[in-house]
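> build the 3D model from these lines:
(one chain, ligands or ions: 1)
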Amino acid sequence: MTSEDNNIPYMRVDNLKKFFHTKRGMLHAVDDVSFAIRKGETLGLVGESGCGKSTLGRCLIRLLDATSGRVILYDEKTGEGVDVTKVSKSAMKQLRRKVQIVFQDPYSCLNPRLSVWELIAEPLIVNGVFSDKNAMKRRIHELMSIVGLAERLENAYPHELDGGRRQRIGIARSLALNPEFIVLDEPVSALDVCIQAQILNLLNELQREFHYTYVFISHNLSVVKHVSDRIAVMYLGKIVELSDYRELFVKPMHPYTQALLSAIPVARLDVKKERIILEGDVPSPIEPPDGCRFMGRCRHCMEICKKETPELKEVFPNHFTACHLAELRGR
Ligand code: SF4
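Numbering: from 1, shown residues only. Next up is the predicted model:
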C-alpha cells in the first residue's frame, strides 16, 4: 500500500514491460515499470537518450504493444477501468479519441504534401467526425485559433512555416478529437529556445482551459521542471525515482537523479555547485544482469546492489525511489 493507492488515478500502469528481439538477445526497453497518473496532472518523464521513456510513452497509448503488464485507464464517472493493452482493435479506435500524442520532430512528423488545412482535417476525416463540411471548417478554424495559428496560413505547406508553427499544427492535430490524455514526446527539443517557451506556455494554457492530463517526455530536467507536477526519472528501462517536482529538486534520493541535477547550470556566480561526474559506461539494455542497473556508475555502490535489483519504494510520502541506499536512509 502506498500513498497513491488512496485515490482512483486517471491511469495506472502495472508491471509494464516492452522487450524487443535483437540479434544479440532481448532488448529490455521498458522493464517492469509501475506508476499512476492523476487526472489533470502533468507527469514529467525524464532520462538520457535510450532509457526507454519514448517507448514507455508509446505503450501507454498503445502505439506499441506491450510485452506484458497492464495500462488501466479509469472512467472518471463510473470508476471502472479498461486495460489499454488488451482492448480489441475496434475498442482501441474509440479509445484513440481520448489518448493522443505530440511527436518530437515537427519537421518530419507532418506530411509535406498536405497543407495546414488538410493536416488538421486528417484526424477528423479518418474518424468520421463531421458529415457537414461547414461544421468541419468551423472546427478547423477553431483548432487553429486555439493553438495560435492565423487563418491565413490554412493553405500553407509545412516547409513554408517555422518550427514553432509546425509544432502548433502537431498540437492542433492531437487536440482535434477532444482528447483527455496527451503524451508529449520531446515536444520542444527540436525548437530554438524562444519558440520552446512559446510552445510550453501554450501547452500550459491548454491544460488550464481543457483540463488535459499530460505525460511530458524530455531528456532535459530544466524543461520538465517548468511544466510538471510530478517527475519520474528513468534509467535503462526502469523508473528510479518519482516524486513531486519541488521535492525532486530539493531532496533527490537516487544517485542518478542527484547527478542529473548537478549538471544543470546555475546562472548566479555566487552559487557554487558540486558537479557529480558519472564515470563508467551505460550498461547494455540487452539481457541486463541482476542487481542495480546503475551500479557501474554509482559512487555509493554496495555489495547488495550487485545482487538484488532495487524496487521502486515509497521512501517518503509520495516520494518513490529504487535504491538500496536511499531505502536505508529513509528508514
Ligand atoms: Fe547506487 Fe546501490 Fe542505489 Fe544502485 S542501489 S543507485 S548502486 S546505492
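> the helix or strand encompassing Glu241: how far from the chain's middle?
For Glu241, the element it lies in under DSSP states H and E is strand 238-244. Remark: strand 238-244 is offset 13 Å from the chain centroid, using CA atoms, centre = their mean, to the nearest Å.
> repeat that for stretch 190-206.
16 Å.
> so which bits of it are buried?
Residues of stretch 190-206 classed as buried under the neighbour-count rule (16 or more other CB atoms under 10 Å) are 190-191, 195-196, 199-200, 202-203, 206. For every residue, glycine as well, the C-beta is placed using N, CA and C.
> pick the one among these closest to Ala326.
Leu200 (30.4 Å; CB to CB).
> check what pLDDT that closest one gets.
We have a pLDDT of 93 for Leu200.
> that one and Val223 touch, don't they?
Yes. Leu200 lies in contact with Val223 (CB atoms under 8 Å); the separation is 7.3 Å.
> joint contacts of these two?
Common contacts of Leu200 and Val223, defined by CB atoms under 8 Å, 6 or more residues apart in numbering, comprise Val188.
> mind listing what's buried along the lowest-mean-pLDDT helix or strand in the chain?
Ranking every helix and strand in the chain by mean pLDDT, DSSP states H and E puts helix 324-330 at the bottom, with a mean of 84. When burial is assessed from 16+ other CB under 10 Å, helix 324-330 yields the following buried residues: 324-327.
> do that helix and the ligand meet?
Yes. Residues of helix 324-330 contacting the ligand under CB under 6 Å from any ligand atom: 324-325.
> hmm, back to that, give me the buried positions along the strand holding Glu241.
For strand 238-244, by 16+ other CB under 10 Å, it's 238-244.
> got a markdown table for the residues you listed, with distance to the ligand and pLDDT too?
A markdown table is the format used below for the buried residues of strand 238-244 (distance: CB to the nearest ligand atom, whole Å; pLDDT from 0 to 100):
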| residue | distance to the ligand | pLDDT |
| --- | --- | --- |
| Lys238 | 11 | 96 |
| Ile239 | 13 | 97 |
| Val240 | 7 | 97 |
| Glu241 | 10 | 97 |
| Leu242 | 15 | 97 |
| Ser243 | 16 | 97 |
| Asp244 | 21 | 96 |
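> what's the most distant pair in these?
Lys238 and Asp244 (20.0 Å).
> so how far is the ligand from the nearest residue to Asp290 once chain neighbours are set aside?
Spatial nearest neighbour of Asp290, excluding adjacent residues (CB to CB, 6 or more residues apart in numbering): Thr309 at 5.8 Å. Using CB to the nearest ligand atom, to the nearest Å, we find Thr309 at a distance of 9 Å from the ligand.
> how about the residues of the stretch 201-331 of the chain by the ligand?
254-255, 292, 294-295, 298, 300-302, 305, 310, 323-325.
> what helix or strand is Arg246 on?
Per DSSP H and E: helix 245-250 holds Arg246.
> about what we covered before: now, which of the buried residues of stretch 190-206 lie within strands?
Among these, no member falls in strands (criterion: DSSP state E).
> which single one of those residues is nearest to Val233?
Using CB to CB, those come closest to Val233 at Leu200, 19.7 Å.
> got the contact list for that closest one?
Per CB under 8 Å, 6+ apart, neighbours of Leu200: 188, 223, 226-227.
> report the distance from the top helix by length along the chain to the chain centre.
Identified as the longest helix of the chain according to DSSP state H is helix 193-210. Put simply, helix 193-210 sits 16 Å off its chain's centre (CA atoms, centre = their mean).
> now for the residue nearest to Tyr10 when sequence neighbours are not counted: which residues touch it?
Among residues not flanking Tyr10 along the chain, Lys39 sits closest, at 4.1 Å (CB to CB, 6+ apart). For Lys39, the contacting residues are 9-10, 76, 211, 213, by CB under 8 Å, 6+ apart.
> let's see the pLDDT reported for Lys39.
On the pLDDT scale, Lys39 gets 94.
> sort out which residues of the helix or strand where Val71 lies are buried, please.
Following DSSP H and E, one finds Val71 within strand 68-74. Residues 69-74 are the ones in strand 68-74 that count as buried (16+ other CB under 10 Å).
> which one of those residues sits closest to Lys86?
Arg70 (7.7 Å).
> so that closest one makes contact with Val33?
No. With contact defined as CB under 8 Å, Arg70 does not count as touching Val33 (11.2 Å).
> shared neighbours of those two, anything?
Contacts common to Arg70 and Val33, judged by CB under 8 Å, 6+ apart, are 13, 15-16.
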